[in-house]
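# Here you go, sequence then predicted model.
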Amino acid sequence: MMSGIKGKNTSPELIIRKALHARGFRFRIHTAHLPGKPDLILPKFKAAIFVHGCFWHGHNCRYFKPPKTRTEFWINKIYKNKARDAVQIAKINEIGWRTLIIWECAIRKMKSENSNTLVDTVVDWLSNNSMLQEINEQNS
């Protein structure tokens, strides 16, 4: 069952891509020349955007609940994902790129409220110089 879950072109990722494209931003997707293959890169802004699923990346929100079976396996797997994410983001920042993490829960909230606040925040971040930002349910 879990092996059928895709890692590229997910629904949350497509929502962000469509919204940024509609605002005139042009980007590349899943480029291998940056650590971690960010979901979106905007070379003009030297910005890399990751769209993280709350379960797979262990986000502290209502959408992350460890499975009741093989709990230890899943906790270890998610812990390794989080550690790998931190290393990849540090490597990207070291080479002068900025990183943005958009959590699945923020995208769900945006859809349910039919709001553009999340996209406005991303656009503001792109025109700003902050190095790392996370956009999650609490911040949006």
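Sure thing, it's come through. Being a predicted model, the structure only gives us computed values, none of them experimental.
# How about the contacts made by S127?
F45 (C-beta atoms under 8 Å, 6 or more residues apart in numbering). (Glycine included, C-beta is placed from N, CA and C.)
# Ramachandran angles for it?
Backbone geometry at S127, expressed as degrees, to the nearest 10, gives phi -90, psi 0.
# try G36
Torsion angles, degrees, to the nearest 10, at G36: phi 80, psi 0.
# On the pLDDT front, check it for me.
At G36, the model reports a pLDDT of 91.
# same question, G4
For G4, pLDDT reads 53.
# again with Q133
69.
# go on, V51?
So, for V51, pLDDT stands at 94.
# what about the longest helix anywhere in the chain, average pLDDT?
For the chain, the helix with the greatest residue count under DSSP state H is helix 71-94. The pLDDT scores in helix 71-94 average 94.
# List the buried residues for it?
For helix 71-94, burial by neighbour count (16 or more other C-beta atoms under 10 Å) applies to W74, I78, N81, D85, Q88, I89, I92.
# For these, give me JSON lines that also has distance to Y63.
As requested, the buried residues of helix 71-94 are exported to JSON lines (distance: C-beta to C-beta, whole Å):
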{"residue": "W74", "distance to Y63": "14"}
{"residue": "I78", "distance to Y63": "13"}
{"residue": "N81", "distance to Y63": "15"}
{"residue": "D85", "distance to Y63": "17"}
{"residue": "Q88", "distance to Y63": "22"}
{"residue": "I89", "distance to Y63": "21"}
{"residue": "I92", "distance to Y63": "25"}
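# Now flag whichever of the residues you listed is closest to H52.
Comparing the buried residues of helix 71-94 against H52 with C-beta to C-beta places D85 closest, at 7.6 Å.
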